[in-house]
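Student: Only the shape, not the letters, is given here:
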């Protein structure tokens, strides 16, 4: 009876968290499952067969393509490299495409991780909406020659991280005292989440195999995201970590069989993510935007 009561309490709490957070559980992540609602990792059995198509990576390493899964390391790496703009800038749309690949990675870890991906998707939609609004304004105004780089092109303000932060700062869109639906504040939230994923990958590459993915994910979360989340959100995250799969699922995702094979692949991804994060951090920092409410 106590066991049954505990299960009921956990179920009620989980339902409440799903309601409060508007949690969306992905329905089309694992196309090979017979029932779309059932959490299913059986699709990964196919990835034990390593496909021989490979993608060269910096340093002479090779990234394998894995059959039967939506997430591909090579595609993520391509997106990350494409987001690197001139003069240490970060191109905004390629940056959002990076996040779409990272969402595939997170969804592949199980349906409950949709708790995180749903929030990321909301931010991607908001940033694209702002960019489209800006483009529409420029299309409605007759083109006039200008020497202002912030006014050149179809959607200059949201072309890159630097141009967006600077434009919103000049327009008074950013508030340092209250929450606003600005692109700058939204980017900051994505920026923190990117660091969380970076730390998780670093831990997966460096920590011994005895430690579970849930443990490593929790550690990275406590370091980066938990200080910015309310208590209720932290409790919901704890449930997600407990439901995370074994590390073997991660090995299959990056198309390797053993931990030592995963390390060079992880290092390549982490290096690319770290550069994106470093550039974004610099742009936010020089404008004092790292602690926007």
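Tutor: All right, it came through fine. Note that the structure is predicted; figures quoted are calculated from it, not measured. Residues are numbered from 1 along each chain as shown.

Student: mind showing which ranges of the stretch 51-200 of the chain have poor pLDDT?
Tutor: Within the stretch 51-200 of the chain, the segments meeting pLDDT under 70 span 51-62, 141-155.

Student: Break down the stretch 101-250 of the chain into its helices, ranges please.
Tutor: 114-140, 161-171, 183-206, 213-224, 231-242, 247-253 (DSSP state H, counting those that start in this stretch).

Student: buried residues in the last one?
Tutor: So the one you mean is helix 247-253. 247, 249-253 (16 or more other Cβ atoms under 10 Å). (Glycine included, C-beta is placed from N, CA and C.)

Student: Would you reformat these as a markdown table and include pLDDT?
Tutor: Output for these, formatted as a markdown table (pLDDT from 0 to 100):
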| residue | pLDDT |
| --- | --- |
| 247 | 91 |
| 249 | 92 |
| 250 | 92 |
| 251 | 91 |
| 252 | 91 |
| 253 | 92 |
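
Student: ok, those vs residue 108, which is closest?
Tutor: residue 253 (5.7 Å; Cβ to Cβ).

Student: Which positions within stretch 111-120 qualify as buried?
Tutor: Buried residues in stretch 111-120 (16+ other Cβ under 10 Å): 111-120.

Student: for stretch 93-103, same thing?
Tutor: For stretch 93-103, by 16+ other Cβ under 10 Å, it's 93-99, 101-103.

Student: Need the contact partners of that stretch.
Tutor: Outside stretch 93-103, the residues that touch it by Cβ atoms under 8 Å, 6 or more residues apart in numbering are 71-72, 75-76, 79-80, 82-83, 117, 120-121, 124, 127-128, 131, 161, 190, 194, 197, 276.

Student: re the thing from before, tell me which of the buried residues of stretch 111-120 is nearest to residue 291?
Tutor: The closest of those, once distances to residue 291 are taken by Cβ to Cβ, is residue 119, at 19.2 Å.

Student: Can you tell me how far the closest one is from residue 174?
Tutor: 21 Å (Cβ to Cβ, to the nearest Å).

Student: cool, residue 199 as well?
Tutor: On the measure of Cβ to Cβ, residue 199 and residue 174 end up 27 Å apart.

Student: re the thing from before, export the buried residues of stretch 93-103 as CSV, with columns for distance to residue 222.
Tutor: Output for the buried residues of stretch 93-103, formatted as CSV (distance: Cβ to Cβ, whole Å):
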residue, distance to residue 222
93, 32
94, 30
95, 26
96, 27
97, 29
98, 24
99, 22
101, 25
102, 20
103, 22
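
Student: Please narrow the residues you listed to those residing in helices.
Tutor: Secondary structure from DSSP state H places 93-99, 101-103 of the buried residues of stretch 93-103 in helices.

Student: Just give me the neighbour total for residue 243.
Tutor: Residue neighbour count, defined by other Cβ atoms under 10 Å, stands at 16 for residue 243.

Student: and it, what does it touch?
Tutor: Per Cβ under 8 Å, 6+ apart, neighbours of residue 243: 110, 112, 214.

Student: What segments of the stretch 1-150 of the chain are strands?
Tutor: Assigned by DSSP state E, counting those that start in this stretch, the strands in the stretch 1-150 of the chain fall at 54-56, 62-64.
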